[in-house]
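Enquirer: fold the following.
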Amino acid sequence: QVQLVESGGGLVQAGDSLRLSCAASERTFGVYVMGWFRQAPGKEREFVAAISWSGGSTSYADSVKGRFTISRDNAKNTVYLQMNSLKPEDTAVYYCAARRAAIARQPGNYDYWGQGTQVTVSS
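Expert: Down below sits the predicted model:
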């Protein structure tokens, strides 16, 4: 069982930056594909970014491409989401998730989830 704990959310203004972190309990963290998803009130959970176990491959939603960067440190069992040029429409609860095998963009393909961290961007 992989336990994931997100941190780093908060209230910022449009144009600001935030870095989210997700710490995993699993010693074999390095074998998992890690993803970031978000869910705004009244909307479905949507894909944001994902990274392969080695960090050599990444995938981004079009809405965040060029502004967000996903990275990981397997020695620290942690995945990050650097968010720059934040917009009000980025406001959501952000979740990290883990799965084995290849990068996926559908929430249902992930096996483990954190509790989420709130990101609020004011205009």
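
Enquirer: quick one: contacts for residue 82?
Expert: Each residue near residue 82 by C-beta atoms under 8 Å, 6 or more residues apart in numbering is listed here: 17, 19, 68-71. C-beta here means a position set from N, CA and C on the backbone, and glycine is covered the same way.

Enquirer: cutoff 10 Å now
Expert: The neighbourhood of residue 82, defined by C-beta atoms under 10 Å, 6 or more residues apart in numbering, consists of 8, 17-20, 49, 67-71.

Enquirer: got the phi and psi for it?
Expert: Backbone torsions for residue 82, taken as degrees, to the nearest 10, come to phi -90, psi 120.

Enquirer: measure it to residue 72 for me?
Expert: Remark: distance between residue 82 and residue 72 (C-beta to C-beta, to the nearest Å) = 12 Å.

Enquirer: ok, now how distant is the residue nearest the centre of the chain from residue 101?
Expert: Central residue of the chain (C-alpha atoms, centre = their mean): residue 36, 2.4 Å from the mean position. Note on residue 36: its distance to residue 101, by C-beta to C-beta, is 18 Å.

Enquirer: residue 26 is in contact with residue 2, correct?
Expert: Yes - with contact defined as C-beta atoms under 10 Å, residue 2 reaches residue 26; the gap is 4.3 Å.

Enquirer: ok, residue 75 - contacts?
Expert: For residue 75, the contacting residues are 29-30, by C-beta under 10 Å, 6+ apart.

Enquirer: mind checking pLDDT for residue 28?
Expert: Confidence at residue 28, expressed as pLDDT, is 80.

Enquirer: OK, contacts around it?
Expert: 2, 53, 74, 77, 100.

Enquirer: among these, the buried ones, what's the PyMOL command?
Expert: To isolate the buried ones among the contacts of residue 28 in PyMOL, judged by 16 or more other C-beta atoms under 10 Å, type:
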select buried, resi 2+53+74+77
